Every structure is written in structure tokens, then in C-alpha cells.
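Trainee: how does the following fold in three dimensions:
(chains A and B)
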Amino acid sequence: MSWIGRSLPRLEDPSLLMGRGRYVADLARGAASVKFVRSPVAAGRILSIDVPDGELVFTAADLDGVKPICPILHRPDYIAVEQPILAKDRVMFCGQALAVVVAEDQGLAEDLAEEVYADIDAEDAIVDMEAALAEGAVAVHAHAPGNVLVEGVLRSPGLDAAFADAAEIVTLDLRSGRQSAMPLEGRGGVAQYDRISGRVTLYASVQMPHMLRTGLADVLQIPEADLRVVAPDVGGGFGQKMSLFPEYVALVWLARKLERDVAWIEDRRENFLASSHSRDQSFHVRGAFAKDGTLLGIDADLKSNVGAFSCYPVTCGVEPLMALAELPGPYKVPEYGVRSRGVTTNTGMMAPYRGVSRPMLTLTMERMMDVAARRLGIDPIEIRRRNLIDSFPHRSPTGLVYDEGSYKEAMDRAVAAIDLTGFRARQKEARAAGRYLGIGFSVFSERTGYGTPAYAARGMNIVPGYEIVSCAMDPSGFVEARIGSSPHGQGLKTALAQLIADELGVEPGKIKVFSGDTDATPYGWGTFASRSMVIAGGACKLAAGKVATRLRSVAAVMMQASEDHIVLEDGLARVTGTNQSLPIPEVARAAYHQSHRFPQSGPGLIENATYDPGGTFSNACHACIVEVDIETGGVKIERFIVAEDAGLLINPMIVDGQIHGGVAQGIANALFEELIYDETGNLLTVSLADYLPPTMAEVPTIEIEHLETVSDATITKAKGVGEGGAIGAPAAIINAMVDALSPFGIEIVRMPATPQYIRKLIREAERDAHG
Amino acid sequence: MANKHVITLIVNGKDYTLSVEARRTLADALRDDCGLTGTHLGCEHGVCGACTVLVDDKPVRSCLMFAVQAEGCSVRTVEGLAKGDALHLLQKAFWENHGLQCGFCTPGFLMLAAGALEADPDLSEEEIRDILSSNLCRCTGYQNIIKSVCLAANEMRACPPSADR
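Mentor: Predicted coordinates for the structure are as follows:
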């Protein structure tokens, strides 16, 4: 009986449901409280910082021997910038830490922070990309005139000919507002100082604990062994908890300096101001089409606002280079030209957020298909069918290799599920009654589970990708799997236990997966980029497979049978074709305590394995029906369908949960959420009353259809599925809205498409119609 | 610094005598003074609802209430929902229907739903959806939360919990 493919309730849940979770703020009791004093202006020269006497207040001048954070890309077009731990000489964005204070409790720390006064000679801030790129613009970083920190350019030789031969050229100018990943638990850390060893343990709400330890040790110039990083229960990350933030450096420095435990738990305002942002992008893209709808080529100018600094370790190249590499998505693009720039401004730092660039890339290609279909008089589904990739492996214009997928099949499933034909009839009737319904589709690929080759190709100085797993069956027959990956809500431990259970023939409840503690797990990269099920899963399968081999070898000696005849199932080691068996715990105990009997396999049941795959592409088609209220500009999502192909599903319930959550964030991207700076670089959206995540009232029921294309790209046959929901949903919704508003001839060119924005478009359309 | 007030909170049926500043929120008092860290703080300005607890059986944002205001009140937190290791029907439904991912918002949703269903066991799905839309979740897209609460509501109607709180 296989555990794979079963919707097993999660092993993680009972403690979380009973309020026994252990999030970082829960570990702060007894520690001194840390509060950062932040810049109220976006750009300027620091003249002085007045601090109250006799209190624990520190500024940049105190941080002797602490290096700035400076991530590197080995690309000639990349300009490295240094991020100081506390602002030194200049401030670069509103919210940058100027000083840090320590007091006995949070209230007192906040009181003390109020007494710190920074005299800053404010200067005009560069806030948006147009201002940053304007001729003669002030350089945000003096050594980066022009304000471009990374720039990738590609141009295939036949591009101009493709455009010369085109029957139709579609030009799109699309904009995505800035967003926050907005995990419900903000950032935070508790640094505990051990007076005996001088060692610091940093509990932190992070996705990459091993990377954080390396980064901290480098910046603080201490041995990694003097530091232990633990990610306890983490209240969501979505990419925002990947980076090395200055606050964690300050925290460890303070614990060492003061020789005591210190805690920093950020509040929501601080999370909006000073944690990372993303999705602030502006695309100018032209598509050349033949008369029959065949896409001949794409020429793109892509700009990403990367903010004031570069995030460690993935750098500010993450959005621009993802955009450059993956714009073609699931389509055959014979000729491709692209210029993709990361533009620095006096705003919060850009870092990964679920989907990284691909929500905008998918919006671009899917608007492109709908607009071309309309102009060429071709059905929008048909034009997609003519251009979707259909032979595998497929090599993209940027050299990415796509394994087997079901791009056309997923689209057909979504079209059937949403009843396109029936909808068109209903749409017509509704319009006659003055109601504006629309339907939209979004077909996309999701590159997942990629290992070191993919990151090395980006020129990263730090090349993530592999995962190491240490798997042991203990003498009691329980299994301990220690993973370098670091889940934070995905249910990964349950899914990995299901994989391991099948290898070892024991039930998942007997399998303990340990993660997030650098003292207790092998070096690894963490959970991000839809990678953990594929890569940590692959390493678990390999390591558990090696333990199973040892177990069979020991059992074979114990039962005087051939190893090949031993099967592990239902908690027993059985000799096939006989009724002979031993309970697995008995075999395990013998492996440790009677090892002299098993010279061939040696003592114990402990194995390591590493997995570093090239990557695998999931694919999906999202389809939705919306109704736009033309009086208010508001949108109601009536139906939302996801036809998803994530390969073999290890735990279908968990996969569905990932899709639901991703789609909700995609809805937020399309309709609701935006971080807004004023022209001076002051962030206006610093509370959940200003920044609007969707609630249960806005997120519809999401209907999911699964396809399961099995490819050889991963050893578990599973593909990643963490980001797809967020990648595909915005394009489906915007396409549906444009369809709904087609009587007005409106083109939606920015996200979020808020009611105010839609009303503005309708007003303009009506004004134009009435001359 | 400021004057402290000695108050008694009755939390999950147990008395806690605390000395708190007037500005101390109920959430901070529960977490830091009573050591009940199951109540989480997601925004500290009353929007996300992660800190929802029941005060005299009514759902309250504990980040918006001062501890001194709860003097003498009966407060119920997520820690009081299960009876020993036996999960409350709501907790069981969340577990079986994948109503949580990271778990950070979960205590707030559980207490909000518990308060609402105790006040009116016959709430319709639409009414439940309306009430639960006052809390935020960033992981689940809400689908399995509404499913869990509706299924638990059915079971709670079938076998109402005993009155001992």
C-alpha cells in the first residue's frame, strides 16, 4: 500500500491548532527588547544623531568591524552596492535603520527610540523608474550613474526580419504596482547569548537558515561555528523571509556586545516600510504575428524597480533576470529580443515574492494573445493552441529546457470546465440586461525544482540548488530525516514522510522530519522557488532508499534469506513468497546493537544523500468569469478554475492548498494590493487599512482539475507547485475584465486594477465615445 | 516608568493576577504575562484578527483592548479550546480539511468561529463567510477555512458541546 497520492492530514497540525506552535515572538520572553530608529526621509545626508545619555543606543559609528551586506553577481552589467547595517553618512530610503535601542521591554524600547533625534539634510528622492532613468538624473548610488544596477540584453539575429514580415504587430505597455509578500507574521529574531561558550543562537522567522548563518558570519567576521540559526515555526514567508536583513546582523552583534539575550519583533508598519517589496515593474513589449496567428517574434524592454539596495543572496538581478529568461513562457517564440533592467531608486529593497516577475510575464503574453486574436479575427483559444509548445523537450529562446507538460491539454480542460460556449450565450443576455460579464484565460509554465546549474547560469556568486538529507532509522524503528530545506507552512514534513514511508515500509507517523536548525540539519538552501518537494523530496527518497538497502541487508542475514527477496512494508521486513517476517524495529535494533553479525553492511542505519536536479516545468491554465460593476468599477469573481499539471501528486490536499493560496495572492495582485510612495519617497500604505489583502469576501471558490504528466526530470515524478497560483491568476482576471468591458473598448494596462482605475477608464471611454 | 495596576484575569477558567501598565494590551498580557503564546499578533491595529480571543464569550481583537479593561472578565484563548489532547470539533475540522498552512492566523479564526457558532449555532454558510471575512489569512485562500468551519458547524449542531467552559 503506497502512501504517495493520499491526502494525509498534516503531521504538523495538532500543535499549531492547540496554540502550541513556537513562532519567534513566542521565544522572546526574558530577552531585552530591541527597537530600530528609522529614517523619516527617503534621501539625504546624516548631519548628526543625538542619543540620550546612559542608555543602550547604538549607531553606525559603534559597529566596528561589521561589514556592509554586499551581494555579488558575476556579470559585467551588474553593479554591486553596499548596504550598511545602520545608515552611515547617507539615508537611502524611508524606513532605513539609523540607530538601534535596547530596553527591558517593548514599551520602554519604543519610548527610548522616541528620544533619538537624527538631523538629516533631506534631498530630493528618486522614487519612480522614469525619474531614475531620466537624462541627468541624480545617481542614487554615486558609483552607479544612470541608476541601472543590472542589465541583460539578448537579440536573436532574425528578430528584425520577423517584425518586417509580420501581418500584425501588437504593442503593450504594462505596469505592475509595488507589492508586499505580507506574511501574516512579520520578521523577527531572538538572539540568545551563551555565556559559557560565547556562542549565539539566533531564532529567526526565515526561509533560509543556513544561508543566513553564512551571511551573518561573513558580515560580522566570526566563524560560522560560533553561531547557530534556528527557524522555528514560521508564519508565512512567500519569499520575503529569504534575504539577509541588516536587522538580524544588528541583533547578533548586540547579543555578543551586551552578552545577553535580545529580541526584535517587527510590527506591521515596520514590515511594510523596511522589509522587502516586489513587483514594481514596467514592460514595453511588441509581438510580431503572421496572418494565421503564428507568433513570429517578441521584442521587449523590461524594467524592474529594485529599490535602494540589492538583496542577499539572490541580488537585485532576481526580478530583471527572471523576466529576461522567462518571458516566452509556454509559447514558441522563434525570434526573441529583450533588454531587462534593474533600476535603483530611493525606495524599499526589492526581493523575491511568490512568482518573481512571472505574474507580469504571464500577463504580458496572455494580453498579447487576446489582443492579437481580436485584431486577426482568430478565436483566443485557437491562437493560443497554434502557439503553445507541444513537443518535448522544448528549448526556449533563452536556452531553458522544458520537460514534458500538458499545455494544450490543460487549456482544453479549463475551457471545458468553465463551459466557454455556454458562457458566451449568458454573457450576451447579461449585456442586454446592462450587466458586464467577462471570461479570461491564462496559460503558463512554472519552472520549479531547479538546482545549481540554473543559478550558476545567472552568474550568482553564491550558487544555491542542491539539497542534502540525512536519514536515519533509530534503534526503535522510528525514522529521523534531517533536511537542509526549511518549510514554513507548506506541510512539507508530511509530504516527505509519505515519500520516506514508501521507501522504508513504515507509517508516516513514525517518521520525524527535522528542519530549520543549523545545529541539527545538513547545510541546505531552504524553501523558496517551488523547490522543496522536488529537491528535498528527491534527496529524501535517495537517502531513505539507501537506509532501506541497509535494512534489507540486515534482515536478510537475520532471516537467512537473500537480500533481493526482502520487502519492507506495513512495518515488517518480509521474505517474499514465504510467511517469514520480522518487525522492522527488531531489525533496526539489531543493526545497532548486534552489528558484529552484519559485517557486510556495518553498524547502524544512517545515510546521507544529495539531490541537485536540472529542473522541471509545471504548467496550468487558469480560467475565470468576472462581473464588472460599471457604476463602481468593482469586480466580482464568479468562477475561478485551475487546470493544473504538477506531475505526480504526493499529497493532493496539500497541492490544492498551495494552489488556493497562490490564486488568492494573484487576485490581490490583479485587483487590490499596492504599496504607494508619494513623490518625496514617503510610503503611504503602512497599515492593513491602507494596503488591502483580500478577505474571505473577495476570494471565490477555486475549482481545481489535475493533470499528471510524469516526466523523467525528477526522481519523485513530482513537479513544484508553490508559485503557479500567484503566477497565473492575475492574467486570467485582467483578461476577463477586458472581455467584460469590451463594449467600451477598454484596455487595462496596470495592476492592481482598482475600482478607481476602472472607473477612470470607463469615464475616458465614455468621453471619447461622446466626442 | 508608568504606574502599574494589579488586575485579575480569568483565562480559560484559571485566575491570573497580574501587575500591568495601563497601556498594556490584553494580547501582550496574555502572551507575556500569562505565557499563553497561542494568541498571535499580526498587525496590532485591529485589522488582521490573528489575536482574536473570546471575552465573556464575545470575539474581541485582543490587540485593541487594554488588559485593565478585561479585569474580572472571562477570557478564552486557543489554549482552552481542546479538552486535554481531545481536539474541539473546530480544531478537528481544520485538521481534516487542511484549514491551516503556516498556522499563524489559525488561533484567531478558531476563536472567532467558536464565538460565532456558540452565539448562533444555526448560522448559514453565507453568514459564516460574512463573519470570517473580518480576519485575514495569507496562506490558504480561505477555501479550506470556510469548508472546515461549515463542516464543524454541522457536527456541533448534531452534538452540541457541553456547557462547561
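
Trainee: excluding sequence neighbours, find me the nearest residue to A:E366.
Mentor: Distance criterion CB to CB, 6 or more residues apart in numbering or on different chains; nearest residue to A:E366, sequence neighbours excluded, is A:A731 at 3.9 Å. Placement of C-beta: from N, CA and C, glycine included.

Trainee: what's the local residue count around the one you found?
Mentor: Using other CB atoms under 10 Å in any protein chain shown, A:A731 has 32 neighbouring residues.

Trainee: ok, it - contacts?
Mentor: By CB atoms under 8 Å, 6 or more residues apart in numbering or on different chains, the contact set of A:A731 is A:359, A:362-363, A:365-367, A:440, A:442, A:444, A:622.

Trainee: recalculate using a threshold of 7 Å.
Mentor: Residues in contact with A:A731 (CB atoms under 7 Å, 6 or more residues apart in numbering or on different chains) are A:362-363, A:366, A:442.

Trainee: just checking, A:V262 touches A:G30?
Mentor: No: A:V262 lies out of contact with A:G30 (CB atoms under 7 Å); the separation is 10.7 Å.

Trainee: coming back round to it: in a strand, the residue nearest to A:E366, correct?
Mentor: No: counting by DSSP: H, G, I helix; E, B strand; the rest coil, A:A731 is located in no strand; its state is helix.

Trainee: show me the helices in the stretch 401-550 of chain A, by range?
Mentor: Using DSSP state H, counting those that start in this stretch, the helices assigned to the stretch 401-550 of chain A run over residues A:407-418, A:420-432, A:452-457, A:492-504, A:532-559.

Trainee: of the ones you listed, give the one that comes closest to chain B.
Mentor: Evaluated with CB to the nearest CB, the helices of the stretch 401-550 of chain A place helix A:492-504 nearest to chain B, the distance being 10.1 Å.

Trainee: between that closest one and helix A:532-559, how many degrees?
Mentor: Angular relation of helix A:492-504 and helix A:532-559 on a 0 to 180 degree scale: 30 degrees, by axes from the mean of the first three to the mean of the last three CA atoms, to 10 degrees.

Trainee: tabulate the helices of the stretch 401-550 of chain A (a markdown table), appending mean pLDDT and mean neighbour count.
Mentor: Converted to a markdown table, the helices of the stretch 401-550 of chain A look like this (pLDDT from 0 to 100; neighbours: other CB atoms under 10 Å in any protein chain shown):
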| stretch | mean pLDDT | mean neighbour count |
| --- | --- | --- |
| helix A:407-418 | 98 | 21 |
| helix A:420-432 | 97 | 13 |
| helix A:452-457 | 90 | 16 |
| helix A:492-504 | 98 | 25 |
| helix A:532-559 | 97 | 25 |
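
Trainee: okay if I get those helices as CSV plus distance to B:P121?
Mentor: Below are the helices of the stretch 401-550 of chain A laid out as CSV (distance: least, CB to CB, whole Å):
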stretch, distance to B:P121
helix A:407-418, 35
helix A:420-432, 37
helix A:452-457, 53
helix A:492-504, 32
helix A:532-559, 40
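
Trainee: returning to that earlier point: please identify which of A:V262 and A:G30 sits among more neighbours.
Mentor: Taking other CB under 10 Å, A:V262 and A:G30 do not tie; A:V262 has more neighbours (27 against 11).

Trainee: what's the mean pLDDT across stretch B:58-68?
Mentor: With pLDDT averaged residue by residue, stretch B:58-68 scores 98.

Trainee: for it, C-alpha coordinates in PDB please.
Mentor: C-alpha atoms of stretch B:58-68 as PDB (Å, rounded to 0.1, in the frame of the first residue of the first chain):
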ATOM      1  CA  LYS B  58     -17.700  37.500  22.600                       C
ATOM      2  CA  PRO B  59     -14.900  37.700  19.900                       C
ATOM      3  CA  VAL B  60     -12.500  40.600  20.700                       C
ATOM      4  CA  ARG B  61      -9.400  41.800  19.000                       C
ATOM      5  CA  SER B  62      -7.100  41.500  22.000                       C
ATOM      6  CA  CYS B  63      -4.600  44.000  20.400                       C
ATOM      7  CA  LEU B  64      -7.300  46.700  20.700                       C
ATOM      8  CA  MET B  65      -8.300  46.000  24.300                       C
ATOM      9  CA  PHE B  66      -6.200  47.000  27.300                       C
ATOM     10  CA  ALA B  67      -5.600  44.300  29.900                       C
ATOM     11  CA  VAL B  68      -7.100  46.600  32.600                       C
END
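
Trainee: for that stretch, buried residues please.
Mentor: Residues of stretch B:58-68 classed as buried: B:59-63, B:65-68 (neighbour count, 16 or more other CB atoms under 10 Å in any protein chain shown).

Trainee: confirm A:L98 sits in a helix?
Mentor: No: per three-state DSSP, A:L98 lies outside any helix segment and is strand.

Trainee: for it, give me its contacts.
Mentor: Applying CB under 7 Å, 6+ apart, the residues contacting A:L98 are A:37-39, A:49, A:59, A:86-87, A:118.

Trainee: closest to chain B among those residues?
Mentor: Nearest to chain B, judged by CB to the nearest CB, of those is A:R38 at 16.6 Å.

Trainee: please tell me how far the residue lying closest to the closest one once chain neighbours are set aside sits from chain B.
Mentor: Nearest residue to A:R38, sequence neighbours excluded (CB to CB, 6+ apart): A:G95, at 4.9 Å. Separation of A:G95 from chain B (CB to the nearest CB, to the nearest Å) stands at 17 Å.

Trainee: neighbours around the residue in chain B that chain A sits nearest to, how many?
Mentor: When scored by CB to the nearest CB, chain B has B:G38 as its residue closest to chain A, at 2.1 Å. For B:G38, the number of neighbouring residues by other CB under 10 Å comes to 24.

Trainee: over to the one 3 residues further on?
Mentor: Applying other CB under 10 Å, we find 24 residues neighbouring B:L41.

Trainee: okay, and the helix or strand of chain A with the least pLDDT?
Mentor: Least confident helix or strand, chain A: helix A:452-457 with a mean of 90, by mean pLDDT, DSSP states H and E.

Trainee: so how far is that helix from its chain's centroid?
Mentor: 17 Å (CA atoms, centre = their mean, to the nearest Å).

Trainee: and the residue of chain B closest to chain A, how close does it get to B:P107?
Mentor: 5 Å (CB to CB, to the nearest Å).

Trainee: which neighbours do the two share?
Mentor: Applying CB under 7 Å, 6+ apart, one finds that B:G38 and B:P107 are jointly contacted by A:19, B:78.

Trainee: and the stretch 351-500 of chain A, which residues reach chain B?
Mentor: Residues of the stretch 351-500 of chain A found near chain B (CB under 7 Å from any CB of the partner chain) are A:488-491.

Trainee: what's the closest of the residues you listed to chain B?
Mentor: A:G489 (2.9 Å).

Trainee: now do the strands in chain B.
Mentor: Ranges of strands within chain B are B:4-11, B:14-21, B:52-55, B:58-61, B:74-76, based on DSSP state E.

Trainee: which neighbouring elements make contact with the shortest one?
Mentor: Okay, so that is strand B:74-76. On a contact count with 3 or more CB pairs under 7 Å, 6 or more residues apart in numbering or on different chains; DSSP states H and E, strand B:74-76 meets strand B:4-11, strand B:52-55.

Trainee: now the fourth one
Mentor: For strand B:58-61, the contact count by 3+ CB pairs under 7 Å, 6+ apart identifies strand B:52-55, helix B:106-119 as packing neighbours.

Trainee: tell me where the stretch 251-400 of chain A has strands.
Mentor: All strands of the stretch 251-400 of chain A, identified by DSSP state E, counting those that start in this stretch, fall at A:262-265, A:281-289, A:295-307, A:335-344, A:394-395.

Trainee: just the helices and strands packed on strand B:74-76: most buried one?
Mentor: Stretch with highest mean neighbour count among those: strand B:52-55 (a mean of 24; mean count of other CB atoms under 10 Å in any protein chain shown).

Trainee: please see if stretch A:517-536 touches chain B.
Mentor: No: using CB under 7 Å from any CB, stretch A:517-536 stays clear of chain B, with a minimum separation of 11.5 Å.
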